[in-house]
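> here is the input, now give the coordinates:
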Amino acid sequence: MSDEANDDFSFEVLPKDRLKPKQEFDIPIVINTKVEQFIQYFQTTAKKPFSNWLARSERYIPFMRNLLKEGGLPEDLVYLALIESGFNPYAYSRAKASGPWQFIYLTGKRYGLMSNWWIDERRDPEKSTIAAAKYLKDLYDMFECWYLAAAGYNAGERKIVTAMKRYRTEDFWELTKYRYLKRETKDYVPQMIAAALIAKDPEKYGFFGIEYQEPLRYEKVKVPEVTDLRLIAQACEVTLDEIKELNPELSRWCTPPNFPDYEINIPFGKKELFSKNFGNLYSGERFQFKTHLVKKGDTFSNIARLYRVDLEPILEMNRLNKRSRLTIGMNLIIPLPKDQGMKPDRTAKKKSGGTDHGSKPVGTMTYTIKKGDTLWSIANETGVNLGALSRWNNLHPEKKLMPGDKLKIEMTKISDPPDGSREKKGGKK
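Sure thing, here's the model as predicted:
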């Protein structure tokens, strides 16, 4: 062995009767001391998180197995996702790898996964599994060995090719004897084997009473670009959290722009209800975007009033919060409902408690709160200002609403504004 031999990584090949597990696998399974070390690690030090991974696994394994099979791959490669993320769509590593299959940005892009401010398809369990299947197939075609393919998935194919050339071997276990590969890569295959063994027979390894989650089931519907997720939830008569949970790839409050027929997941069995309700709720509530150049004296509140939109979407759109500082010359993206047009309201008053010029009260309506409603969604649905809605009902904008409670909404009629009625804005940035 060369002087590059790794003294702290070794394994012992065990007797033949211990090499083959009783369970059926479609990937090669070798049980050696390194695999047994990880079995023990998962049974002891990492038992609590591994139990959580097992509980979550049944939510994703059934459809992930099918996708791997459709891609012509061994179904048991699904256990790579178990050690990569514990089947957590929101897993994010220090190396900026994201999603259940832990794609970094460039590899995800290579295999068709979009990742930007609006959306991160690396978090989409379905799309990322399809991408992982393609990547693993390419790796297997390159190495003709699932252990080397798995190592390549972890370290990158170039690293494995270099190691094979340097040590003149195509045996994964032989490569682990040397210092060139990082410990993470050397541990990757034995971890996968250990995780697969436990997952297929948890009670044998001391994992009792795992409360497995129900398998993920959903239907797909198409919605217009920049559709508020709250409207989708209302159309399905479910909570906003349920829609978000089925669509972890969505990073914002709405579907992304420039996707006029965006396909979104809704709870299984809700497609007919969605089709019935969505048209009435939607009512053309699409958005267009305008850029606002921040000037001296601008504040978030008066910018929102200027364009007659709520503050929250402006903050969300620009990755800001209420404590963020506005800088003169900064460009803000303003989301505007399409039926509002691009012309700002030049009658916006300086104080948040003021009434817009040209607005005349014409009556009051009562709104009954539904499950999943927020003040923001109600303001958006009824076309009133969030601040005004909060004021009329003496509620904080972020207060949790109770289904069945009533809200007062003052209806106004907009008359022509007087010329030159725009007031100077004040306040701190």
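> can you tell me which helix or strand of the chain has the lowest average pLDDT?
Ranking every helix and strand in the chain by mean pLDDT, DSSP states H and E puts helix 16-19 at the bottom, with a mean of 42.
> could you pull out the helices for the stretch 301-429 of the chain?
Counting by DSSP state H, counting those that start in this stretch, the stretch 301-429 of the chain has these helices, from start to end: 311-317, 375-382, 386-393.
> can you put the ones you listed in JSON lines and add mean pLDDT, mean neighbour count and distance to Glu70?
C-beta: built from backbone N, CA, C; applies to glycine. Listed next are the helices of the stretch 301-429 of the chain as JSON lines, based on pLDDT from 0 to 100; neighbours: other C-beta atoms under 10 Å; distance: least, C-beta to C-beta, whole Å:
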{"stretch": "helix 311-317", "mean pLDDT": "81", "mean neighbour count": "19", "distance to Glu70": "37"}
{"stretch": "helix 375-382", "mean pLDDT": "71", "mean neighbour count": "20", "distance to Glu70": "38"}
{"stretch": "helix 386-393", "mean pLDDT": "76", "mean neighbour count": "18", "distance to Glu70": "46"}
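> which is the next helix or strand following the helix or strand hosting Gln40?
Applying DSSP states H and E as the criterion places Gln40 in helix 33-43. Proceeding N to C from helix 33-43, the next assigned helix or strand is helix 47-70, under DSSP H and E.
> quick one: mean pLDDT for that following helix?
Helix 47-70 shows a mean pLDDT of 98.
> so it versus helix 33-43, what angle?
Between helix 47-70 and helix 33-43, the angle comes out at 120 degrees (axes from the mean of the first three to the mean of the last three C-alpha atoms, to 10 degrees).
> next SSE downstream of helix 47-70?
Assigned by DSSP H and E, the successor of helix 47-70 is helix 79-85.
> on that earlier part again, restrict the helix holding Gln40 to CA atoms and write it as CSV.
These are the backbone C-alpha positions of helix 33-43, laid out as CSV (Å, rounded to 0.1, in the frame of the first residue of the first chain):
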residue,chain,number,x,y,z
THR,A,33,-17.4,-3.5,9.6
LYS,A,34,-17.9,0.0,8.1
VAL,A,35,-21.5,-0.7,7.3
GLU,A,36,-22.0,-2.2,10.8
GLN,A,37,-20.5,0.9,12.3
PHE,A,38,-23.2,3.0,10.6
ILE,A,39,-25.9,0.6,11.6
GLN,A,40,-24.8,1.0,15.2
TYR,A,41,-24.6,4.8,14.7
PHE,A,42,-28.1,5.0,13.5
GLN,A,43,-29.3,2.7,16.3
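> go through that helix and flag the buried ones.
Buried positions in helix 33-43, judged by neighbour count with 16 or more other C-beta atoms under 10 Å: 34-36, 38-39, 42.
> the closest residue to Gly71 other than its chain neighbours and Leu332: what is the separation?
Leaving aside its chain neighbours, Gly71 sits nearest to Ala133 (3.4 Å; criterion: C-beta to C-beta, 6 or more residues apart in numbering). The gap separating Ala133 from Leu332 is 41 Å, by C-beta to C-beta, to the nearest Å.
> and Ala91, by the same measure?
For Ala91, the distance to Leu332 - C-beta to C-beta - is 32 Å.
> next one: Met142
In terms of C-beta to C-beta, Met142 sits 48 Å off from Leu332.
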